[in-house]
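Peer 1: how would this look folded up:
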Amino acid sequence: VVAIDLDQQHLDMMKEQLTVEEHHRLETRCQRFPEEVNLEPETFEGVLLSRILIFLTSASLIQALTKVYHALKPGGKVYVITASPFSDKWNAIQQPFEQHQKLVSNQPFFISNLWELLPQTRSFLPECIQLFDTNILQNVLKKRDLMLLNVIMNLIMALLIRMLLLKKMSTLRQYFN
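Peer 2: Just a heads-up that it's a prediction; the model follows:
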């Protein structure tokens, strides 16, 4: 299992949740994704993109998804966890998101004034983000001849990492298939 995060503290917190026996199965990389991350071709059976897409520009989104898909083994899958404009804590964004969908249904919804719409996010999110739904992500991927396999909203990443480290791939496959 390879975990990549921009913040070393996030990686350290993940390591703290592991048992001593699990540590040898985890490689951590403190890198900016996708710019600093190099992934070997056909290396991974699955990739989890957890809460990263909202931070990427349109150009870096395409770069990231292309890198991830090239790193997959044949038959590999990509799982996406991203903020949903339809969750309760994002209520202030739901109406503008729906208006955007009516006008430009196949493009990510760029928000340049997040702190104005959701002041409580000022301490942990940048002022500019992009939001997606399944259809938007599917359209972005189709433009690059990539395919959407699964989109998961608000799953617990630590549980997934732990299951992978414990070699409980059959449990994961049951959940995602």
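Peer 1: in stretch 71-81, what counts as buried?
Peer 2: Of the residues in stretch 71-81, 71, 72, 76, 77, 78, 79, 80, 81 count as buried by neighbour count, 16 or more other C-beta atoms under 10 Å. To be clear about C-beta, it is placed using only N, CA and C from the backbone, and glycine gets the same treatment.
Peer 1: and the fifth one, what does it touch?
Peer 2: So that's residue 78. Applying C-beta atoms under 8 Å, 6 or more residues apart in numbering to residue 78 gives the contacts 46, 47, 48, 49, 65, 68, 69, 72, 149, 150.
Peer 1: most neighbours of all those, which one?
Peer 2: Greatest neighbour count in the contacts of residue 78, by other C-beta atoms under 10 Å, goes to residue 65: 24 neighbours.
Peer 1: quick check: that one vs residue 107, distance?
Peer 2: Distance check for residue 65 against residue 107: by C-beta to C-beta, to the nearest Å, it reads 15 Å.
Peer 1: note down every partner strand of the longest strand belonging to the chain and its orientation.
Peer 2: Ranked by residue count, the top strand of the chain under DSSP state E comes out as strand 72-82. Here strand 72-82 is paired, per DSSP bridges, with strand 44-50 (parallel), strand 150-153 (parallel).
Peer 1: by mean pLDDT, show me the worst of those.
Peer 2: Here the lowest mean pLDDT among the strands paired with strand 72-82 goes to strand 150-153, at a mean of 43.
Peer 1: I'd assumed residue 71 was in contact with residue 43.
Peer 2: Yes - using C-beta atoms under 8 Å, residue 43 is in contact with residue 71, at 5.2 Å.
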